[in-house]
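Colleague: predicted model and sequence follow; I will ask about them next.
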Amino acid sequence: MSLHASTTEFLHFDHHQCKAQLKHIRATQDAPELANRHWVDVNLPDQWENRWKGYSGPVWYQILWSQQCDSTQNTPIALAIHRISMAGEVYLNQQLIWKDRALVEPLSRSWNAPRYWMLTPANFNTGLNQLDIKVIGVATQTPGLGETLLGHPEAIIDQHEHYAFFHRTLYFINLVASLTLGIIAFIIWLLRSKESTFGWFALTSFFWALFVYNILSLTTFPHSDTIQFSKVNLCILILYNLCFITFSWRFANLKFKKTEIMLWGISILLGLYLVFASNHHLQLALFIGFIYIVVLFLFNCLFFQWIALRTKHPEVRFLALVFLLYIIICIHDVAKIFLQHQMGIFITPFSAPLMTLAIALILAWRIAHNMNRIENFNQQLAHNIEQKKLELKQALKNEHELEIENIRLQERIHLSHELHDGLGGSLVRSMFLVDKAEQFNKQQFMSILKLLRNDLRQIIDSGSSLGVAVPESPIIWAAPLRRRFIEIFDELDIHSNWDIPQQWPVPPTALEFLTMARVAEETLTNVLKHSRAQNVHISLSQHQQQEMTLRIEDDGIGFDPNMVQTGLHVGLHSMQIRVQRIGGILNIRSQAGQTVIEVILCRQHHHLPNPN
């Protein structure tokens, strides 16, 4: 089992005699003296760049665990570490059990090299044990520690072999397959130089094999340091991309000279920028290079679909289908990099050998087709095209009908939320006014009806945020809420405090403005209906341009926040859906004497990917 920061999880070494209990997992940046280290709790796998932005150097991970075994048992324990990025040392109870060959630049590359060790009873104590792992990482290269396993040797070795298969063996198979097919294509090109498709395919396979080799490499040779290695590796990927594009166009017997010259020119300039980028601009350079590669690759795969639709050659169409799979794989793996998922596997190494084999089969089929032309090929192809057109037309028609039905359903849900949050709140306030009024005349009754009418008009008018004007200042935004609720608060002897800034640092969007208004209205209505509060505090703050916070706090009886997740509280659930719709965060904390509803609207920053 993997280690997580929990003191209640048990790692079983022998289901009859032994068991171990995880105590603590923490990490610290290196310091000259142990007393000066600042420890933080972590979970494994861990990437410290999210915590210590831009930090390069050593970080210590400490795992405390206890185990009890029968004294008559001589049971070994297996330790496995899936990833150390980039190099490191491993200590058990202050004793060194392993270290990388190079702990200074050029560093060893253990980020894709899973390892395991067999620990005999002489290595560990009965009771508390301490596992210290020193990791020397480099910023922009996803520094950190991967999944760490302790347990029965048989189970740990099985997991280690499973991980090694997907993260090393498949890459090695990929490397061998790419080189083999590249050599075959190169020989065909030498024998028939007019077939430039085979030459570009050979170059594509060569650069891809070189890129895969760099992934498998445990050293930075022949480069001087990890950063230089990463830069060159990214340049290799750019060259692979260019050769791949040229190969696909030559395969379809097409040439786009101006476009090709432009792409090669941009790529050369970008490669020079990557190689000579200073450390200050390194992260930006790597990000630009990675985005350029991804966009260019996806553009070519999509553009090739258009080429396939215009051609009558079936091998081109088959290659277009292969490129569709490339699109799915690329999107999956790029999303995994951007979202920083450390669990699971990349699809690229698993499917690339099959993809390469499919492309090789297409090339072989083209040779056979050129030698054996079929007279009725064009007629059959035309029939297939018409059939596919009809199927596509019907599919688009069905998709259009489903889309219309979905839009109608979304509008109904949206209208129900608007009625609950807007008109529902107004009805509750009106009920309070009627209930508290000792005398109720016709004018008061007409005022309530006009207020309900205005709220209903507002719901109708704000069905789309495109037509909603954002108030010039937060004071103007809060004025209608204060006017509606402060009179009722005074009637119920509820003291309200409104902390609203004078100006917007950055004005919200129309949809954000409507959402905050609805959340505030629903929350204050709930205070009236359920809280029995004596004091209410409403604040709106925007400490930085990327974040705006609406906070409403009362000293009422409180409620169970879990009701929101189970759907038992319709109003709060509606608020949660609204906030999530605009990418915000709704925090709910409640206990007797204090209930806090907090909405955080933020504009997210994307993490830079690791080009490895």
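Modeller: Cool, got the structure. Numbering: from 1, shown residues only.

Colleague: elements contacting the top helix by length along the chain?
Modeller: Longest helix in the chain by number of residues (criterion: DSSP state H): helix 377-418. Contacts defined by 3 or more Cβ pairs under 8 Å, 6 or more residues apart in numbering; DSSP states H and E place helix 377-418 against helix 570-581. Using the backbone N, CA and C atoms, a C-beta is placed for each residue, glycine as well.

Colleague: next, the angle helix 377-418 makes with the helix it packs on.
Modeller: Interaxial angle of helix 570-581 relative to helix 377-418 (axes from the mean of the first three to the mean of the last three Cα atoms, to 10 degrees): 140 degrees.

Colleague: right, and the helix or strand after helix 570-581?
Modeller: strand 585-591 (DSSP states H and E).

Colleague: what's the mean pLDDT across the next helix or strand after that next one?
Modeller: Using DSSP H and E, the helix or strand that follows strand 585-591 in sequence is strand 594-602. Strand 594-602 comes out with an average pLDDT of 88.

Colleague: contacting residues around strand 594-602?
Modeller: 508, 512, 515-516, 519, 523, 531, 533, 546-556, 558-559, 575, 579, 582-590 (Cβ atoms under 8 Å, 6 or more residues apart in numbering).

Colleague: which parts of the stretch 451-600 of the chain are strands?
Modeller: 495-499, 535-544, 547-554, 585-591, 594-602 (DSSP state E, counting those that start in this stretch).

Colleague: could you dump those strands to TSV with distance to Ile385 and mean neighbour count?
Modeller: Listed next are those as TSV, based on distance: least, Cβ to Cβ, whole Å; neighbours: other Cβ atoms under 10 Å:
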stretch	distance to Ile385	mean neighbour count
strand 495-499	67	14
strand 535-544	56	16
strand 547-554	54	20
strand 585-591	51	15
strand 594-602	50	18
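
Colleague: closest to Leu218 out of these?
Modeller: Nearest of the strands of the stretch 451-600 of the chain to Leu218, taken as Cβ to Cβ: strand 594-602 at 40.4 Å.

Colleague: in its sheet, which strands sit next to the closest one, and in what direction?
Modeller: strand 547-554 (antiparallel), strand 585-591 (antiparallel) (DSSP bridges).

Colleague: those: which one's closest to Gly127?
Modeller: Nearest to Gly127 among the strands paired with strand 594-602 is strand 585-591 (39.1 Å), distances taken as Cβ to Cβ.

Colleague: pretty sure Ala285 contacts Gly271?
Modeller: No: using Cβ atoms under 8 Å as the test, Ala285 is too far from Gly271 to be in contact (10.4 Å).

Colleague: shared neighbours of these two, anything?
Modeller: When Cβ under 8 Å, 6+ apart defines a contact, no residue borders Ala285 and Gly271 alike.

Colleague: secondary structure element for the closest residue to Asn279 other than its chain neighbours?
Modeller: Among residues not flanking Asn279 along the chain, Ile227 sits closest, at 7.6 Å (Cβ to Cβ, 6 or more residues apart in numbering). Per DSSP H and E, Ile227 falls inside helix 226-251.

Colleague: what helices or strands is that helix leaning on?
Modeller: helix 196-216, helix 257-276, helix 282-310, helix 314-338.

Colleague: got the angle for it vs helix 282-310?
Modeller: Between helix 226-251 and helix 282-310, the angle comes out at 10 degrees (the same axes, to 10 degrees).

Colleague: could you dump the helices and strands packed on helix 226-251 to JSON lines with distance to Val527, mean neighbour count and mean pLDDT?
Modeller: Formatted as JSON lines, these follow (distance: least, Cβ to Cβ, whole Å; neighbours: other Cβ atoms under 10 Å; pLDDT from 0 to 100):
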{"stretch": "helix 196-216", "distance to Val527": "57", "mean neighbour count": "21", "mean pLDDT": "90"}
{"stretch": "helix 257-276", "distance to Val527": "57", "mean neighbour count": "13", "mean pLDDT": "91"}
{"stretch": "helix 282-310", "distance to Val527": "46", "mean neighbour count": "17", "mean pLDDT": "90"}
{"stretch": "helix 314-338", "distance to Val527": "41", "mean neighbour count": "17", "mean pLDDT": "84"}
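
Colleague: can you list those in TSV and add distance to Trp498?
Modeller: Shown next, in TSV, are the helices and strands packed on helix 226-251 (distance: least, Cβ to Cβ, whole Å):
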stretch	distance to Trp498
helix 196-216	58
helix 257-276	52
helix 282-310	43
helix 314-338	40
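
Colleague: phi, psi for the residue lying closest to Trp477 once chain neighbours are set aside please.
Modeller: Nearest non-adjacent residue to Trp477, counting by Cβ to Cβ, 6+ apart: Pro471, 4.2 Å away. Per-residue torsions, Pro471: phi -60, psi 150 (degrees, to the nearest 10).

Colleague: one more: Gly144?
Modeller: phi 160, psi -170.

Colleague: right, and it touches Trp52 too?
Modeller: No: when contacts are counted by Cβ under 8 Å, Gly144 is not listed as touching Trp52 (10.1 Å).

Colleague: more crowded one of the two?
Modeller: Gly144 (25 against 16; other Cβ atoms under 10 Å).

Colleague: that one pairs with what?
Modeller: Beta-bridge partners, per DSSP bridges, of Gly144: Gln47, Ser85.

Colleague: Asn279: neighbouring residues, count only.
Modeller: By other Cβ under 10 Å, the residues close to Asn279 number 11.

Colleague: distance of it relative to Thr140?
Modeller: Asn279 is 10 Å from Thr140, where distance means Cβ to Cβ, to the nearest Å.

Colleague: what sits in contact with each of these two?
Modeller: Joint contacts of Asn279 and Thr140 (Cβ under 8 Å, 6+ apart) are Ile227.

Colleague: per-residue pLDDT of Arg429, please?
Modeller: 64.

Colleague: and if you look at Lys23?
Modeller: 81.
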